[in-house]
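Engineer: need a structure here:
(one chain, ligands or ions: 2)
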Amino acid sequence: MSRSISSKLPDVGTTIFTVMSQLAHDTGAINLSQGFPSFEPPEGLTDRITYHLTHGANQYAPMPGIPALREAIAEKTQRSHGRSVDVDTEITVCTGATEGLFSAIQAVVHAGDEVIVLDPAYDSYEPAITLAGGITRHVPLQIAANGHDFGIDWQCLKDTINANTRLIIVNFPHNPTGAIMSAADLEQLAEIVRDTNCLLLSDEVYEHIVFDGEPHRSLLSHDELWERTLVVASFGKTFHATGWKLGYCITPAPLTVEFRKVHQFTTFAVSTPMQHGVADFLVSDPDFYADLPAFYQQKRDHFCGLLEGSRFRFKPTPSTFFQILDYGEISDDKDLALAKQWTREIGVASIPLSVFCETPFTGKRLRFCFAKDDATLEEAARRLCVL
Ligand code: PMP
Ligand code: GLN
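Structural biologist: Ligands and ions are numbered 1, 2, ... in the order given. Next up is the predicted model:
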């Protein structure tokens, strides 16, 4: 018997990351599309996880996360962002940032509420808003006169906020453009939301991958913003372990209460031995994440150096492990079609930017992941330089 299913997400297909990684796999292309490192997590960390796997840490963890991991996160938050957070009432460990973002959105968005996202916007935000009954409003980032730098269009953001705006989602360091927040940006944001009821959801999964000596300016570091913000982060990027799906949400106690009401029924608790292993490693090796900017800056510079003689236009990215390349001098084709064509014909897979935008203002740009070993980057660049 055939039944018609009324989709709750009629406009949603399969995520671009799955589409492009599958195409790279099927065609044998070098996969610089979906963002994941080609190298392993640190041995000191995997040793600790193995230890806990074999020493009895295999039953349910407490719903908010094991105390040792929440303590280690509180310590890291104090050191990295100068914010003292309460271990019991302000930190919740979740199943990757994806679950944190989803739970946060379900926790605070009511049917009919408006939620503002900044395009290009990471693709998990809008479906989560739709499932909460919310309405997504897209505010495009502004492209600077140099054609490379992206930043918030403050006037447009201000004009989009109204009495129905419940939440603004920000993501700095920004995937896919690499844009970061300046101190003035934090002040602007504080000023714009000051007389509103808007909450903020800050996706900071690339918090430890910022280059050229710049700090990451977390919303946690700002006294006024902190009071209305849910910050979501992930150990996937920080420990070269995107497959572990381990993240956390930090937010003031009243918001944590609401966050946990959803989290406990989305996932309940997160893998116990992983939490113990990460807690141990955060305490024993804080230098690991402190050294990440230098580690990835070397990768960025190597990749960009290899592309110097190509026909792509670009500016080395300020953050994340993604480099945007402007292909305007090479082709007039749309980015999605071209990303697929080059995966098949050149053997390098990338991510088109237009899929993250309501209106494709980003033009002829593709995103390439440089979290790869040097030999992979060199072969990919050799292929790209032929274009
Ligand atoms: N937000 C952004 C901006 C991301 O790039 C990613 C994926 N890397 C996530 C959220 C999801 O993180 P996780 O894999 O920890 O769920
Ligand atoms: N965040 C990763 C990226 O931007 C992909 C995560 C996923 O595949 N869902 O490439």
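Engineer: List the contacts of the residue in the chain positioned nearest to ligand 1.
Structural biologist: Relative to ligand 1, the nearest point of the chain is G96 (2.8 Å; CB to the nearest ligand atom). Where C-beta positions appear, they are placed from N, C-alpha and C, glycine not excepted. When contacts are counted by CB atoms under 8 Å, 6 or more residues apart in numbering, G96 touches 234, 236, 244-247.
Engineer: low-confidence ranges in the stretch 251-387 of the chain?
Structural biologist: Of all residues in the stretch 251-387 of the chain, none has pLDDT under 70.
Engineer: list the buried ones in the helix or strand containing L186?
Structural biologist: Using DSSP states H and E, L186 falls within helix 183-193. Buried residues in helix 183-193, counting neighbours by 16 or more other CB atoms under 10 Å, are found at 185-186, 188-190, 192-193.
Engineer: which of those residues lies closest to ligand 2?
Structural biologist: D185 (22.0 Å).
Engineer: Around the closest residue to the closest one other than its chain neighbours, count how many other residues there are.
Structural biologist: Take D185 and drop its neighbours on the chain: the residue closest to it by CB to CB, 6 or more residues apart in numbering is I152, 6.5 Å away. Around I152 there are 21 other residues, counting by other CB atoms under 10 Å.
Engineer: what's the distance between I152 and ligand 2?
Structural biologist: Distance, I152 to ligand 2, by CB to the nearest ligand atom, to the nearest Å: 20 Å.
Engineer: now A380
Structural biologist: Note on A380: its distance to ligand 2, by CB to the nearest ligand atom, is 16 Å.
Engineer: now swap in D280 and tell me
Structural biologist: Distance from D280 to ligand 2, by CB to the nearest ligand atom: 26 Å.
Engineer: I'd assumed T50 was in contact with that residue.
Structural biologist: No - using CB atoms under 8 Å, D280 is not in contact with T50, being 11.4 Å away.
Engineer: So these two - more neighbours on which side?
Structural biologist: Neighbour count, other CB under 10 Å: between D280 and T50, D280 has more, with 20 against 12.
Engineer: related to what we said a few turns ago, for the helix holding L186, what is the average pLDDT?
Structural biologist: Averaged over helix 183-193, pLDDT sits at 98.
Engineer: go on, stretch 196-204?
Structural biologist: Stretch 196-204 comes out with an average pLDDT of 98.
Engineer: tell me which residues of that stretch are tucked away?
Structural biologist: Quick answer for stretch 196-204 (16+ other CB under 10 Å): 198-204.
Engineer: Stretch 380-387 too?
Structural biologist: Going by neighbour count (16+ other CB under 10 Å), the buried part of stretch 380-387 is 380-381, 384.
Engineer: Next: stretch 264-275.
Structural biologist: Residues of stretch 264-275 classed as buried by neighbour count (16+ other CB under 10 Å): 267, 269-275.
Engineer: near ligand 2, from those residues?
Structural biologist: Restricting the buried residues of stretch 264-275 to those touching ligand 2 (CB under 6 Å from any ligand atom) yields no residues.
Engineer: Turn these into a markdown table, columns for secondary structure and distance to F288.
Structural biologist: Below are the buried residues of stretch 264-275 laid out as a markdown table (DSSP: H, G, I helix; E, B strand; the rest coil; distance: CB to CB, whole Å):
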| residue | secondary structure | distance to F288 |
| --- | --- | --- |
| T267 | coil | 26 |
| A269 | coil | 25 |
| V270 | coil | 20 |
| S271 | coil | 20 |
| T272 | helix | 22 |
| P273 | helix | 19 |
| M274 | helix | 16 |
| Q275 | helix | 17 |
